[in-house]
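In: Quick one, what's the 3D model for this:
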Amino acid sequence: MMPKSSSLSAATSTSTSAASAAIHYSIIAHDPAAHLFTVTLTVDVPAADGQVFALPAWIPGSYMVREFARHIVRIEARSASAAGVQKIPLKKCDKHSWQAARCDGPLTLTYEVYAWDLSVRAAHLDQTHAFFNGTSVFLRVLGQEQSAHIVDIQRPQGDAYKSWRVATALPELKAKRYGFGTYVAGDYDELIDHPVELGNFALTTFEAHGVPHDIVITGQVPNLDLRRLADDLKPICEAQIALFEPKTKRAPMQRYVFMTLVVGDGYGGLEHRASTALLCTRSDLPVKGKPEQSDGYRTYLGLCSHEYFHTWNVKRIKPAVFAPYDLQAENYTSLLWLFEGFTSYYDDLMLVRSGLINIEAYLKLLAKTTNGVMRGSGRSKQSVAESSFDAWVKYYRQDENAPNAIVSYYTKGSLVALGLDLTIRAGTAGKKSLDDVMRALWQRYGRNFFSAGGGRGLEEADVLALFEELSGVRLALFFKRYIYGTDDVPLKALLAPFGIALIAPEASAKPDIGVRLATEGGDSRIASVYEGGAAHKAGLSAGDKLVALDGLRVPATGPDGLLGRYRIGDTVALHVFRRDELMAFSVKLKADAAPKWRFEIAAKPDAAAKRLYGGWLG
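Out: Numbers count the residues shown, from 1 in each chain. Model (predicted):
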């Protein structure tokens, strides 16, 4: 087992004096129909000059200022003393903070939080379930963030909620596992790093190298195969634990929770130190009696793998600017290509190494990522380092021009990780790899991050030297061209020593107008116009609704069916509505420019290729 962190781990190890000195919260879903939580916060010894409270402006792992305090709809402060309970004036300091007037006795805030964000990053409440991240509901007591924080999670009132349970990785104080009651965190950062799900959820548990892992599924999923979920997630988790701790197989947490909200159409995940919040489509989950692995289920397993890998890479191995987080403003770093991109590389790699997919399936996933990166011209204008720095204003605020202006530090970052891994393996004849680099980063920066004394973050200026030291390979040119520059990672050359060929697509004979489409009602709408494509040259714009092509109505599914009767180089008349104006464009059709690269394993790889290939893919 891991040594205990600085947090208070359970009721049996929490002293009465520690509890009495803590910051105390209670939270109840008091009006699910109105989507309102009521939170009380008590500070025993408020600041002498007036206590200041603030709600975080963003949630770690989702790099955009979201201003969660806008969802506080009512707030008041009171103080109890020998003279009785009196109301304490509150002054709004800025968009996310309040200051209470000076008072001597314990100070209690009571406030309501509107929760109707069906995502993994905020809070959501209705009659079917409740979910919240601490960053959305727990005001921070400035100056007392290092105190123990105790929260009483209360059952909603009414018979409809008698069967509800609590799912969280937050350690119990005076609550039973999955029950309502008090939970405890060692400090504010730990408090907000444990999301909470309330409701009637499906539950199963498995062990990975001795550590219990819970799977919590909220939402209606007929014939859900929970056993298969546990059987498939177990080898993924064990492979990742063994990657970072090959000798001890020691996980960095004492318990882990996968919590998934199932909807008709959705996808997302957010990492935490001992859990992850996930959103998936109902059809993505396995069905009892159907052993085949669907594309959706494979995607879901990849999502679980991605967020689990973050347990090491970003929750404990961090950029220096995240150690600690500034929760009220943007935290700029140029290293998200390493923390998100590398995680995106390892998520699918862990599926093949753990035996859940075969190598051919893995190469198809790799081709999908490669083609996605190659589709947008933004990759020639923005490096992954720049993309990382600009995440707050570009990646998380994408508009219709995003494919032409930005590159994803997730997807191209994963190709950078692949390129580094292949470069290190080939340069050392398989003796070193990116795995060795990640293990060394874990030992130097991550392993003791939450232990007594805390940890330190990784400085950007140190990354190149560290990678060269740990790998024994000169990487300055690689960093210059593919991380700080905009060159495409040369996968064809890098994969050749491994006996894998990157096959260029044949010239397309399919005519195309060069847009990304979206369905809006019964119409086909242009979501993005690709730079250099036929639509761009003709003057079409994002937002245009396609009406007719050469006098024939364009269906909601788009013009592909109509275009099948034309050839590359033909000119067609395209009518669109731009706002409320009917406009006509003459479009000269070009070849479909969507990349279709694929990877093939050599029929007869030599012995050296076999060694490299086997060491890489296991």
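In: Quick check: closest non-adjacent residue to Ile59.
Out: The shortest distance from Ile59 to any non-neighbouring residue, by Cβ to Cβ, 6 or more residues apart in numbering, is to Thr135 (4.4 Å). (C-beta placed from N, C-alpha, C; glycine too.)
In: So that neighbour: helix, strand or coil?
Out: Classification of Thr135 by DSSP: H, G, I helix; E, B strand; the rest coil places it in helix.
In: Isn't it up against Phe68?
Out: Yes. With contact defined as Cβ atoms under 8 Å, Thr135 reaches Phe68; the gap is 6.0 Å.
In: shared neighbours of these two, which are they?
Out: 55-56, 59, 122 (Cβ atoms under 8 Å, 6 or more residues apart in numbering).
In: wait, which of the residues you listed is closest to Trp312?
Out: Relative to Trp312, the closest of the shared contacts of Thr135 and Phe68 is Ile59; by Cβ to Cβ it sits at 19.5 Å.
In: residues touching that closest one, list them.
Out: Ile59 touches 66, 68, 121-122, 133, 135-136, 192, 270, counting by Cβ under 8 Å, 6+ apart.
In: Mind putting the residues you listed into JSON lines with distance to Phe467 and pLDDT?
Out: As requested, the contacts of Ile59 are arranged in JSON lines below (distance: Cβ to Cβ, whole Å; pLDDT from 0 to 100):
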{"residue": "Arg66", "distance to Phe467": "33", "pLDDT": "97"}
{"residue": "Phe68", "distance to Phe467": "36", "pLDDT": "98"}
{"residue": "Arg121", "distance to Phe467": "31", "pLDDT": "97"}
{"residue": "Ala122", "distance to Phe467": "36", "pLDDT": "98"}
{"residue": "Asn133", "distance to Phe467": "33", "pLDDT": "98"}
{"residue": "Thr135", "distance to Phe467": "33", "pLDDT": "98"}
{"residue": "Ser136", "distance to Phe467": "37", "pLDDT": "98"}
{"residue": "Ile192", "distance to Phe467": "32", "pLDDT": "98"}
{"residue": "Leu270", "distance to Phe467": "28", "pLDDT": "98"}
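In: about what we covered before: from the shared contacts of Thr135 and Phe68, list the buried ones, please.
Out: Buried by 16 or more other Cβ atoms under 10 Å: 55-56, 59, 122, out of the shared contacts of Thr135 and Phe68.
In: Mind putting those into CSV with secondary structure and distance to Thr311?
Out: Converted to CSV, these look like this (DSSP: H, G, I helix; E, B strand; the rest coil; distance: Cβ to Cβ, whole Å):
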residue, secondary structure, distance to Thr311
Leu55, coil, 26
Pro56, coil, 21
Ile59, strand, 17
Ala122, coil, 22
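In: Go through those residues and say which is closest to Gly521.
Out: Ala122 (28.0 Å).
In: Against Ala57, how distant is the residue nearest to the closest one when sequence neighbours are not counted?
Out: Excluding the flanking residues, the one nearest Ala122 by Cβ to Cβ, 6+ apart is Ser136, at 4.8 Å. Look at Ser136 and Ala57: by Cβ to Cβ, to the nearest Å, they are 11 Å apart.
In: between those two, who's got more neighbours?
Out: Between Ser136 and Ala57, Ser136 has the larger neighbour count (other Cβ atoms under 10 Å), namely 26 against 21.
In: Test my guess that the more buried one contacts Tyr114.
Out: No. Contact criterion Cβ under 8 Å: Ser136 and Tyr114 do not qualify, at 9.8 Å.
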